[in-house]
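Asker: Coordinates for the following, if possible.
(one chain, ligands or ions: 1)
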Amino acid sequence: MDTKNTSMPPLRGKIIPTNGDSSAMARQIADFLENTDFSQMQESVEKLKSLMSCYQCALLEVETKFRVLNEQFSLRHERNPIDSIKTRMKSPESIREKLVRKNLPINFHSVESEISDIAGIRVICAFVDDIYMLADCLLQQDDITLIERQDYIAHPKESGYRSLHLVVEVPIFLQDEKKFMKVEVQLRTIAMEFWANLEHKLRYKKNLPENLATLIAAELTECAEMSAQLDVKMQKVRDVIENG
Ligand code: 0O2
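Answerer: Numbering: from 1, shown residues only. Predicted coordinates:
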């Protein structure tokens, strides 16, 4: 006999005791099965899939806008302001973690109204002034609404982190509706990206004694300063080459 029940979702995420108390384990499984409305769960999964797909569409819209700007600029000025573009979607687990961290209820309303970085795009530029030029060009477009702007280049974070962050709202046109979706845009130079990637990797190295962690944080802030100076110098060199 085939005992597989294909309509039943797996029991992931439930805490099942591993201390060999089989009666407690049986009780938990029984509770889980009794208290779970599978049709409702299925509905939520479908709703989440559809929401994530809308964010994915919004990412495509914004990415295309940057690619168009890059193309047009390269025709006019014979150079590309954009070095590369990266996009990412926040995983459902990270969305949940963020809601818990912010003490917000875990429901679809909180996800849409409170979390603005579900769809994220990172635009990596050659020079600092390209960042502001591209941000201005994006924000001038009449289907884009600025929700939030944080200039960590003019005002770097204590860690030394630099980037221009924008949260924008963009319409997406579905089969029978128009929906406005939020996208987080991070604009930074190649040097800022290099620093942020290394700092991120080092920050997550665990079990560092406190004095060493403080020393490393100070070193990283100094590296961020040096990389900012490099950005300024490279831009000056470019200006000399372009303007003679
Ligand atoms: P991921 O996967 O990179 O997106 P919050 O989002 O609530 O934690 P806030 O103030 O809303 O905080 O956002 P903030 O600090 O303006 O921007 C958060 C994102 O900026 C982070 O995303 C990083 O990508 C980047 N960031 C901010 N500070 C630093 C820093 O000191 N070092 C590095 N390497 N990156 C930084 P996430 O959520 O960490 O993840």
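
Asker: Now do the SS call for the residue sitting nearest the centre point of the chain.
Answerer: In the chain, the C-alpha nearest the mean C-alpha coordinate belongs to residue 120, at 3.8 Å (CA atoms, centre = their mean). Counting by DSSP: H, G, I helix; E, B strand; the rest coil, the backbone at residue 120 sits in strand.

Asker: so it makes contact with residue 186?
Answerer: Yes. Using CB atoms under 8 Å, residue 120 is in contact with residue 186, at 6.9 Å. Heads up, the C-betas are built off the backbone N, CA and C, glycines and all.

Asker: Spell out which residues are contacts of both of those two.
Answerer: With CB atoms under 8 Å, 6 or more residues apart in numbering applied, the contact sets of residue 120 and residue 186 do not overlap.

Asker: Next SSE downstream of the lengthiest helix in the chain?
Answerer: Longest helix in the chain, counting residues (DSSP state H): helix 38-77. From helix 38-77 onward toward the C-terminus, using DSSP states H and E, the following helix or strand is strand 82-89.

Asker: From the chain's centroid, how far away is that next one?
Answerer: The chain centroid and the centroid of strand 82-89 are separated by 11 Å, computed with CA atoms, centre = their mean, to the nearest Å.

Asker: So in that sheet, which strands flank that strand, and in what orientation?
Answerer: Applying DSSP bridges, strand 82-89 is found paired with strand 119-125 (antiparallel).

Asker: pull the CA atoms of the partner strand into PDB?
Answerer: Provided in PDB are the C-alpha atoms of strand 119-125 (Å, rounded to 0.1, in the frame of the first residue of the first chain):
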ATOM      1  CA  ALA A 119      13.000  43.500  -3.600                       C
ATOM      2  CA  GLY A 120      16.500  44.900  -3.600                       C
ATOM      3  CA  ILE A 121      18.700  46.200  -6.400                       C
ATOM      4  CA  ARG A 122      22.300  47.300  -6.100                       C
ATOM      5  CA  VAL A 123      23.800  49.500  -8.800                       C
ATOM      6  CA  ILE A 124      27.500  49.600  -8.800                       C
ATOM      7  CA  CYS A 125      29.000  52.700 -10.500                       C
END
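
Asker: All set, thanks.
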